[in-house]
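[1] 3D model of this:
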Amino acid sequence: MVSDQGYKVLKDPIKEIVADSKFAEGVAWVRRHFLANEVIVKEGELGNSLFFIEEGKLRVSVHVELEERRRVQPGISDLEQGEIFGETCLYESRARTASVIAVTDGCLLEIDGEKLNAYLNEHPVQGYLFFRRLFEILFERMGRSNHTIEHLLAWGLKAHGIDVYLQTDQIKQS
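    Purely as a prediction, here's the structure:
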């Protein structure tokens, strides 16, 4: 059975890491307050940090190019307290794959990816717990993404009248 303290570590390993005096505020991480509609990260810009949301709600969006060079920037997901984003920059500076914009006022921790990586290498238990939580988050996101893709595919098939030409599960079973 997992103790209350053990459960807290599994659910929020970042909180334990930033509380460690060996992972100093101002050097390895900073706390950033944000206002509604503030751009936290912009798609395409180089980044080398990841973020942990302490309070507030953020929206992840990407640029989509439609026919005739029309572009839209739909929100693809919302992030809330306790979630991590920017993890693709954990090991090296990379271009951000999406923009993240504040929906509400709030606060987040911006964590230097290189310093976090070094810390996790030196503290394998915290590293294990961090990556375990990161995998949980990524699998949850993958499930939500698959659900969204299924709905978009169904909508596209119906919108273009293609659905009438496809075999359904009922037809296959007969």
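
[2] alpha carbons only for contacts and neighbour counts from here, please
    Noted.

[3] Show me where this structure dips below the pLDDT cut-off.
    Within the chain, the ranges that satisfy pLDDT under 70 run 1-11, 66, 70-75, 167-174.

[4] do that again at 80, thanks
    Scanning the chain for pLDDT under 80 picks out 1-11, 63-76, 145, 148-149, 151-152, 163-174.

[5] biggest helix in it, by residue count?
    Once the chain is assigned using DSSP state H, the helix that runs over the most residues is helix 124-159.

[6] the helices in the chain, which residues?
    Counting by DSSP H, the chain has these helices, from start to end: 4-11, 13-19, 113-122, 124-159, 169-173.

[7] what separates the longest one from the chain centre, distance-wise?
    Relative to the centre of its chain, helix 124-159 is centred 9 Å away, using CA atoms, centre = their mean, to the nearest Å.

[8] what does the second one give?
    Here the centre of helix 13-19 is set off from its chain's centre by 18 Å, with CA atoms, centre = their mean.

[9] Packing partners of that helix?
    Helix 13-19 is packed against helix 124-159, with contacts defined by 3 or more CA pairs under 8 Å, 6 or more residues apart in numbering; DSSP states H and E.

[10] Can you mark which positions in the helix it packs on are buried?
    By neighbour count with 16 or more other CA atoms under 10 Å, helix 124-159 contains the buried residues 126-127, 129-130, 133-134.

[11] same question, stretch 35-46
    By 16+ other CA under 10 Å, the buried positions in stretch 35-46 come out as 40-43.

[12] Going by distance to Leu109, which of the residues you listed wins?
    Distances from Leu109 to those, taken as CA to CA, are shortest for Ile40 (11.4 Å).

[13] Could you dump the helices of the chain into TSV and include distance to Leu90?
    Conversion of the helices of the chain to TSV gives the following (distance: least, CA to CA, whole Å):
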stretch	distance to Leu90
helix 4-11	19
helix 13-19	13
helix 113-122	4
helix 124-159	11
helix 169-173	43
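
[14] among these, which is nearest Leu35?
    Here helix 13-19 is closest among the helices of the chain (CA to CA), at 22.3 Å.

[15] Output that closest one as CSV, nothing but the C-alphas.
    The C-alpha atoms that make up helix 13-19 are tabulated as CSV, following Å, rounded to 0.1, in the frame of the first residue of the first chain:
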residue,chain,number,x,y,z
PRO,A,13,7.2,14.7,-8.6
ILE,A,14,8.0,18.2,-9.9
LYS,A,15,6.9,19.7,-6.6
GLU,A,16,9.4,17.4,-4.7
ILE,A,17,12.2,18.3,-7.2
VAL,A,18,11.8,22.0,-6.9
ALA,A,19,11.6,21.8,-3.1
